[in-house]
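**Student:** Need a 3D model of the sequence below.
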Amino acid sequence: MTADTLRYALVMLAAGIGIPVLAAMNAQLGGRIGSPPAAAMILFVVAFLAATVVTVLTSGPGPLRLAPLQPKHLFLAGLLVAFYVISITTVAPRFGIGNAVFFVLLGQIIAAAMIDHFGLFGALPKAMTLPRAGGIALMLAGLALIQFGQGRAP
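**Tutor:** Prediction:
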């Protein structure tokens, strides 16, 4: 494993840890203020400010000039993020953080496999071989065992 590969894996591990933490914190905020969409809006304002600071510190605002020249469908990713945040903020308190994240992970694994297999959105193609499909099935089975394989906590 190269140093870059390890660094990328650790960054994505941290991002993965952040998903259920984000879900729990934003669900609590939505409940406390009485509006999951308002909690999502607050999250996006904070995220916008953080992304602005990172942009200014790393590349500066120059790359933003290229945004209007990009294919418009790429901007729909923002709608997907909004859908995720609003849905997890609304559903998690009623469905449970573990259940909500389980189904998010299930969707991520399925979508990632399809994106890789077909090379969608410019991704490097990675064919769905039998061993790969088996590995994905084992991951899904593992997630199911983790989430549904035991009783409730006291």
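**Student:** centre of the chain versus the helix or strand hosting Leu22, how much separation?
**Tutor:** Using DSSP states H and E, Leu22 falls within helix 3-33. Distance of helix 3-33 from the chain centroid (C-alpha atoms, centre = their mean, to the nearest Å) equals 8 Å.
**Student:** Leaving out sequence neighbours, find the closest residue to Pro36.
**Tutor:** Nearest residue to Pro36, sequence neighbours excluded (C-beta to C-beta, 6 or more residues apart in numbering): Gly30, at 3.7 Å. Where you see a C-beta, it was placed from the backbone N, CA and C, and this is true even at glycine.
**Student:** Following element in sequence after the helix holding Leu22, please.
**Tutor:** Assigned by DSSP H and E, the successor of helix 3-33 is helix 36-58.
**Student:** Read off the pLDDT value for the residue nearest to Pro36.
**Tutor:** We note a pLDDT of 95 for Gly30 in this prediction.
**Student:** ditto for Leu74
**Tutor:** Reported pLDDT for Leu74: 93.
**Student:** what about it, how many residues close to it?
**Tutor:** By other C-beta atoms under 10 Å, the residues close to Leu74 number 11.
**Student:** How about Ala27?
**Tutor:** Applying other C-beta under 10 Å, we find 22 residues neighbouring Ala27.
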